[in-house]
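# Give me coordinates for this.
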Amino acid sequence: MSFTGQPLRHPLAEKYYAAVDNVYEDGYVVTERGGITLPRDYVLDGQRILDFPVRHDDVWVVTFPKSGTTWTQEMVWLLMNDLDFKSAKEKCISDRFPYLEHTALLPKGCRDGAVNTIDKAQHQPPPRLIKSHLPPVLLPKQLWTVKPKIVYVCRNPKDTAISYYHHRRLLMNMQLSVDEFIEAFLENVVNYSPYWSSALEFWKLRNEPNVLWNTYEDMKKDLGAVIRKTAAFLGKSLTEEQVRQLEEHLSFSSMRDNPATNYSAVVQRLRAGIGLPPAPPDQAFMREGAVGRARQRMSPEVDRRFDQWIRDNIRGTGYDGPI
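Residues are numbered from 1 along each chain as shown. Below you'll find the predicted structure:
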């Protein structure tokens, strides 16, 4: 069996390629399985990821990109490692908590000497902690039979899209306006889209005993409550003082200023790999950490279109997640 995809053919595709300087030289595909937009080279690893051997004691953090992934990884890693704050400040989160499909997404200029992230995830000592942005249809098939713990984090799609826009600018010097990027997002031209293949499908799984549904908005509103809920899900007990310590470590300012979580070194390495200079001071992996500001960033016309897109996609589903 081989993993396949068809070339992405959309009027916005060429414009999007050009806006990121064609860093994916072979373009993008829409996967036959699930219809997900990914760089063409993903097909080389797609079947291996589907066949990835899952263990019962794994813990997975899964999100659509820019939905609070790193924040959640750090929380889960500390809960699973007896609140080892010292290591959490010394060792990059990407080494502590591998990103399963990352190698399959790297532009060619960034692959020389890079460790294969599928191997890295597979050979962690147990209990393995693994991150992915893949929707259920592309995740390892054994997740649904072995049923390890999965923490899913959802964020309202407007804030997600705006954060994704700044992320593409940071990593690839993307030359699109906010509205142009939103058009590409809504038309499923960006990596990992459609958004609803992740958010809506995991919402349907939210009552499974091995799945925890968290939201970025809840984490912003009451981080302590989310810490307690996640600890209980993972079978961990915390004192109120430990909850307070975790809240402090996981605050936006602490995460932004921690080299082990702010991805500053990773960003510069990726930019250098595709021939870009260091990121300018006004661009960073962690920018605002705010909720509800997306409407201020896009034009009223695009905002209205976004609202209609949300209504069209959740109609008849009963979905009551963040929008």
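
# Look up how far Leu212 lies from the nearest residue to Leu234 once chain neighbours are set aside.
Spatial nearest neighbour of Leu234, chain neighbours left out: Leu79 (5.4 Å); criterion: C-beta to C-beta, 6 or more residues apart in numbering. Where you see a C-beta, it was placed from the backbone N, CA and C, and this is true even at glycine. With distances taken as C-beta to C-beta, to the nearest Å, Leu79 is found 12 Å from Leu212.

# Give me the common contacts of the two.
Taking C-beta atoms under 8 Å, 6 or more residues apart in numbering as the criterion, Leu79 and Leu212 both touch Thr230.

# Quick check on Trp60: phi, psi?
Main-chain dihedrals, Trp60, degrees, to the nearest 10: phi -110, psi 140.

# dump the residue contacts of it.
Going by C-beta under 8 Å, 6+ apart, Trp60 touches Leu129, Ile130, Lys131, Ser132, Leu143, Pro148, Lys149, Ile150, Val151.

# same thing with Arg155?
Counting by C-beta under 8 Å, 6+ apart, Arg155 touches Thr63, Phe64, Lys66, Ser67, Gly68, Ser163, Thr215, Tyr216, Glu217, Pro322.

# One more: Ile93?
Contact analysis of Ile93 by C-beta under 8 Å, 6+ apart lists Thr70, Gln73, Glu74, Trp77, Ala260, Thr261, Tyr263.

# can I assume Ala114 sits in a helix?
No. Under DSSP: H, G, I helix; E, B strand; the rest coil, Ala114 falls outside any helix and is assigned coil.

# ok, how many other residues are close to it?
By the measure other C-beta atoms under 10 Å, the count of residues near Ala114 is 13.

# and what of Ile49?
Ile49: 20 neighbours (other C-beta under 10 Å).

# residues in contact with the strand or helix carrying it?
Here Ile49 sits within helix 43-50, counting by DSSP states H and E. Residues from elsewhere that reach helix 43-50 (C-beta under 8 Å, 6+ apart): 1-5, 29, 31, 33, 100-101, 103-104, 118, 134, 138-141.

# so what pLDDT did Leu106 get?
On pLDDT, Leu106 comes in at 85.

# How much space separates it from Thr117?
Taken as C-beta to C-beta, the span from Leu106 to Thr117 is 9 Å.
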